[in-house]
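Trainee: Sharing a model prediction with you, sequence too.
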Amino acid sequence: MTERLTISHVGHRGDGVAGHRFVPFTLAGEVVEVEGRDERALPSAILVPSAERIQPECRYFGSCGGCALQHWAPASYLAWKRDLVAAALRPHGLQADIAETIDAHGAGRRRVTFHARRGQGTNLVVGFAAARSHALIAIDACPILDPKLDRALAAARAVARVLESATKPLDIQITATDSGLDMELRGAGKLSERQRLELLAAGNAQGLARLTNHGDLVMQREPPSIQIDAIRVQLPPGVFLQATTKGEEVLSRLVLDGVGKAKKAADLFCGVGPFALRLATQTRVHAVDADGQAIAALAAAVRGASGLKPIVAETRDLFRRPMMAADLKGLDAVVFDPPRAGAETQAKILAKADIGRIVAVSCNPATFARDAATLIAGGWKLETVTPVDQFRWSAHVELVATFSR
Ligand SMILES: C[S@@+](CC[C@H](N)C(=O)[O-])C[C@H]1O[C@@H](n2cnc3c(N)ncnc32)[C@H](O)[C@@H]1O
């Protein structure tokens, strides 16, 4: 049965919404046709298109599960990302002037994860998960990637062929670094000696900087590293990195502006230290993260750098062992950039802490709003909220917020 629906708005996951129905790849004001009565259904026809509808850039758009919104004009799409942040703050009664979304796509994503699996027949498929399914679709190119990843797909195919006999799906994560491509395999299990030798040859033939299997080194031509300002940081396999180089720079600039002239600051959930290393040009920093390898990489980068104020790098699980009042004593500012779960326990302690400023960086507006409400209940004032888009054409949005007493 065919039904005609009018889309009222684009929902927080990027689908067009008509009452209780969700219609992917549609826009507000559009009149569309869908088949059947499923709550979520693809449009079989767009009868009245929106003036904001544009031609998607990628030929896999709609079948690949990676992008949701290539069909939307950039200005409206960025305004929607700002609205996502506003919608997350509203249930907590939070008032803030929310800035325009900063487009931080830059040259594109610097990390990609391809999946590899045998197809229905004997074909090896290397690509991305298809939209709304566990199936894989083979791809030849992806326009959201940094051109430095141009050779990544060929390298992923070469490595997947070596492990073709594996029945489990293989995840091939590739990061563009200043030393070349850094490949980390997940799902291959323990490698046989023959597989290891073949992977070594494939990695060399593809000119990879490094190939690791679950963190275990298979080959290395050059230690993969990135430059953070003037400081070289060697990357542990699979370590967290902001999705785009521009995203890292934009978030860092907002963090530095938020921290201002603090003499001493903490950078909580610091990763390999993109904020800490930049802050340390004028601020002493206590940098904390649960990932011991990230902290070791940051500490090594600090040893190799000159002209920085002291950085103390500490491995610590901030969910189980948050920074307590005594740890926060003497700090002028605290930056926190937690994973999607947010920093609930840490926020409760920060709420009562005697610090001048707090800068929150978040990849999840919902948990940010919860933690911000905790800070505000403790007497903090939410000053600025800036949405940042480094996940172009997806429903993800990041933000940087500043708080003062
Ligand atoms: C969103 S990333 C931010 C990293 C860094 N600020 C950056 O910009 O690259 C979140 C970081 O939180 C760390 N993390 C996750 N759970 C944690 C925990 N329980 N305690 C401390 N750090 C944690 C991760 O290792 C990761 O580095």
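Mentor: Nice, I can see it.
Trainee: Tell me which stretches of this protein form helices.
Mentor: Using DSSP state H, the helices of the chain run over 74-89, 152-162, 193-205, 245-259, 274-279, 292-304, 325-328, 344-352, 365-377.
Trainee: Any idea which of those helices gets closest to D229?
Mentor: helix 274-279 (5.8 Å; Cβ to Cβ). Yep, even glycine has a C-beta here, placed from its N, CA and C like the rest.
Trainee: Quick one, grab the pLDDT at T122.
Mentor: Per-residue confidence at T122 stands at 65 (pLDDT).
Trainee: Can you pull out the low-pLDDT segments for the protein?
Mentor: 119-122, 166-167 (pLDDT under 70).
Trainee: The ligand contacts on that one?
Mentor: Contact residues, the chain versus the ligand (Cβ under 6 Å from any ligand atom): 240, 242, 269-271, 274-275, 289-291, 294, 317-319, 337-339, 363.
Trainee: cutoff 8 Å now
Mentor: 239-242, 248, 251-252, 267-275, 288-291, 294, 316-320, 335, 337-339, 341, 361, 363 (Cβ under 8 Å from any ligand atom).
Trainee: Write a PyMOL command that selects only the buried members of those.
Mentor: Only the buried members of these end up in this PyMOL selection, burial being decided by 16 or more other Cβ atoms under 10 Å:
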select buried, resi 239+240+241+242+248+251+252+267+268+269+270+271+272+273+274+275+288+289+291+294+316+318+335+337+338+361+363
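Trainee: picking up where we left off before, which of the helices of the chain sits most buried?
Mentor: Highest mean neighbour count among those (mean count of other Cβ atoms under 10 Å): helix 274-279, with a mean of 26.
Trainee: Off-centre distance for that one?
Mentor: 18 Å (Cα atoms, centre = their mean, to the nearest Å).
Trainee: re the thing from before, mind checking which of the residues of the chain next to the ligand are in strands?
Mentor: Of the residues of the chain next to the ligand, the ones assigned to strands by DSSP state E are 267-268, 288-289, 335, 361.
Trainee: Determine which two of those are furthest apart.
Mentor: The most widely separated members of those are V288 and V361, with 14.1 Å between them, by Cβ to Cβ.
Trainee: Now do the contacts for the residue lying closest to Q293 once chain neighbours are set aside.
Mentor: In this structure, Q293 finds its nearest non-sequential neighbour in P236, 3.7 Å apart by Cβ to Cβ, 6 or more residues apart in numbering. P236 sits next to 215, 272, 291, 293-294, 296-297 when contact means Cβ atoms under 8 Å, 6 or more residues apart in numbering.
Trainee: hmm, which two among these are most spread apart?
Mentor: Longest span within the contacts of P236, Cβ to Cβ: G215 and V272, 15.2 Å.
Trainee: Who are the contact partners of the residue of the stretch 151-300 of the chain found nearest the ligand?
Mentor: Nearest residue of the stretch 151-300 of the chain to the ligand: G271, at 2.9 Å (Cβ to the nearest ligand atom). G271 is in contact with 239-241, 289, 291, 294, 298, 337, counting by Cβ under 8 Å, 6+ apart.
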